[in-house]
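Engineer: Just the structure for this:
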Amino acid sequence: MSPWFSLGLALYLANLLVGLLAQLGLGRLGVWHHLLYLAVFASAALALLLTREPWLLLTLACLSAFPRARPHTWLHPTLAVVGLVGYLLAAWG
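Structural biologist: Residues are numbered from 1 along each chain as shown. Now for the predicted structure:
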């Protein structure tokens, strides 16, 4: 597994955790969640360019849709999980 892929996946998982904590009201983490989102998007794009894993397109599509998916709606966590599936399929593909 490429180190860039690993970094992207680690950042994605960290942002999932921060988002879950924010969703559960366990802290005011919105700023960190948005900063991590930027890093997650950049690292996923870099991982796609360097590894050419086609499943990362699914992850990037989900990440691209996040600005239209408001927090506290069903779409926000659904996009997060489907984006994670893209990373997992790329890891096992």
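
Engineer: Please, where are all the helices along the protein?
Structural biologist: In the chain, the helices defined using DSSP state H lie at 3-23, 30-51, 56-65, 75-92.

Engineer: Make JSON lines out of these and add mean pLDDT.
Structural biologist: Below are the helices of the chain laid out as JSON lines (pLDDT from 0 to 100):
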{"stretch": "helix 3-23", "mean pLDDT": "93"}
{"stretch": "helix 30-51", "mean pLDDT": "93"}
{"stretch": "helix 56-65", "mean pLDDT": "97"}
{"stretch": "helix 75-92", "mean pLDDT": "95"}
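
Engineer: Mind putting the ones you listed into a markdown table with mean neighbour count?
Structural biologist: C-betas here are computed from N, CA, C, even on glycine. Output for the helices of the chain, formatted as a markdown table (neighbours: other CB atoms under 10 Å):
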| stretch | mean neighbour count |
| --- | --- |
| helix 3-23 | 17 |
| helix 30-51 | 16 |
| helix 56-65 | 18 |
| helix 75-92 | 16 |
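
Engineer: ok, for the residue most central in space within the chain, nearest residue in space, not its chain neighbours?
Structural biologist: Among the residues of the chain, Tyr12 comes closest to the average C-alpha position under CA atoms, centre = their mean, at 4.1 Å. Once flanking residues are discounted, Tyr12 sits nearest to Val40: 5.3 Å by CB to CB, 6 or more residues apart in numbering.

Engineer: how far away is that neighbour from Leu16?
Structural biologist: 9 Å (CB to CB, to the nearest Å).

Engineer: Same question for Val81.
Structural biologist: 8 Å.

Engineer: what do you get for Pro77?
Structural biologist: On the measure of CB to CB, Pro77 and Leu16 end up 9 Å apart.

Engineer: and what of Phe66?
Structural biologist: Separation of Phe66 from Leu16 (CB to CB) stands at 12 Å.

Engineer: and Thr73, how many residues sit next to it?
Structural biologist: 9 (other CB atoms under 10 Å).
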